[in-house]
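Peer 1: Below are the sequence and a predicted model for it; my questions follow.
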Amino acid sequence: MDALWGLLGVLLGGALTIGGNLLLSDREAAEAARNEKKLAYLALLTSARKLRYLSRQGRNRDIDELDADRTQLSTANYEIELLATRQVASSADQLRRSTLDYLNLARKSYETDVGPTLVDRVDDLAIARRSARMANDVFIEAARSDLQRKLRSSRLRDVFHSLQVPNPDRLPEVKTRSVDAD
């Protein structure tokens with residue numbers, strides 16, 4: 001009888017150890033994924049902020065640096081599209097678009113002397129800058145919400161679901177042969 005209790009203890013201990021290891025490794029993977037998202041979110045926000053500041057500098061912008069920053073903004077956006085939820089990816093894309101719209105309008109306003117009056121240009125730039133800033137705020141809220149979600153143990157949940165007894169109503173029908181007793 002003692003051997004039976006010992007065997008039962010070993011089996012239960014082994015099952016708890018395996019379950020704990022699965023939970024721990026899944027949690028570590030979820031934390032790593034969260035950190036990867038966070039780095040991508042920060043890269044997008046940093047690039048957008050830099051481009052907004054460059055938009056204010058007028059003609060004193062280095063075109064090569066500007067193109068590198070545009071590329072960095074788009075690269076961060078694409079990374080977010082791969083890693084994040086649709087809501088966050090949509091907010092990231094809106095931030096990218098509004099930042100580039102502001103940059104392009106500022107560049108056009110400073111590089112051409114033909115077109116709307118200076119007052120119109122200033123008003124258009126102010127509206128574009130506010131739009132880019134609002135998109136930044138919306139993205140920050142979406143990213144913050146995404147990063148604050150609880151880390152879930154999906155692998156452990158899958159293991160427990162696989163151990164559940166299937167619903168007898170959904171089992172495939174097994175055909176049996178009837179044997180007549182003669």
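Peer 2: Yep, it's here.

Peer 1: so Y102 makes contact with R129?
Peer 2: Yes. Using C-beta atoms under 8 Å, Y102 is in contact with R129, at 5.6 Å. Just so you know, the C-beta spots here come from the backbone N, C-alpha and C atoms, and that holds for glycine as well.

Peer 1: quick one, which of the two is more surrounded?
Peer 2: Using other C-beta atoms under 10 Å, the more surrounded residue of Y102 and R129 is Y102, with 26 against 18.

Peer 1: Output the below-cut-off pLDDT ranges for this structure.
Peer 2: For the chain, residues meeting the criterion pLDDT under 70 lie at 16, 19-26, 58-61, 110-121, 150-182.

Peer 1: can you map out the helices along it?
Peer 2: For the chain, the helices defined by DSSP state H occupy 2-56, 63-83, 86-111, 118-148, 154-163.

Peer 1: Most tightly packed of the ones you listed?
Peer 2: Mean neighbours per residue, mean count of other C-beta atoms under 10 Å, is largest over the helices of the chain for helix 86-111, with a mean of 19.

Peer 1: Please name every helix or strand in contact with that one.
Peer 2: helix 2-56, helix 63-83, helix 118-148 (3 or more C-beta pairs under 8 Å, 6 or more residues apart in numbering; DSSP states H and E).

Peer 1: Rebuild these as TSV, extending it with distance to A89.
Peer 2: Converted to TSV, the helices and strands packed on helix 86-111 look like this (distance: least, C-beta to C-beta, whole Å):
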stretch	distance to A89
helix 2-56	10
helix 63-83	5
helix 118-148	9
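
Peer 1: and of those helices, who's closest to S91?
Peer 2: Evaluated with C-beta to C-beta, the helices and strands packed on helix 86-111 place helix 118-148 nearest to S91, the distance being 4.1 Å.

Peer 1: Specify the angle between the closest one and helix 63-83 in degrees.
Peer 2: Per axes from the mean of the first three to the mean of the last three C-alpha atoms, to 10 degrees, the angle that helix 118-148 makes with helix 63-83 is 40 degrees.

Peer 1: quick one on the thing from earlier: which residues are common contacts for Y102 and R129?
Peer 2: 52, 55 (C-beta atoms under 8 Å, 6 or more residues apart in numbering).
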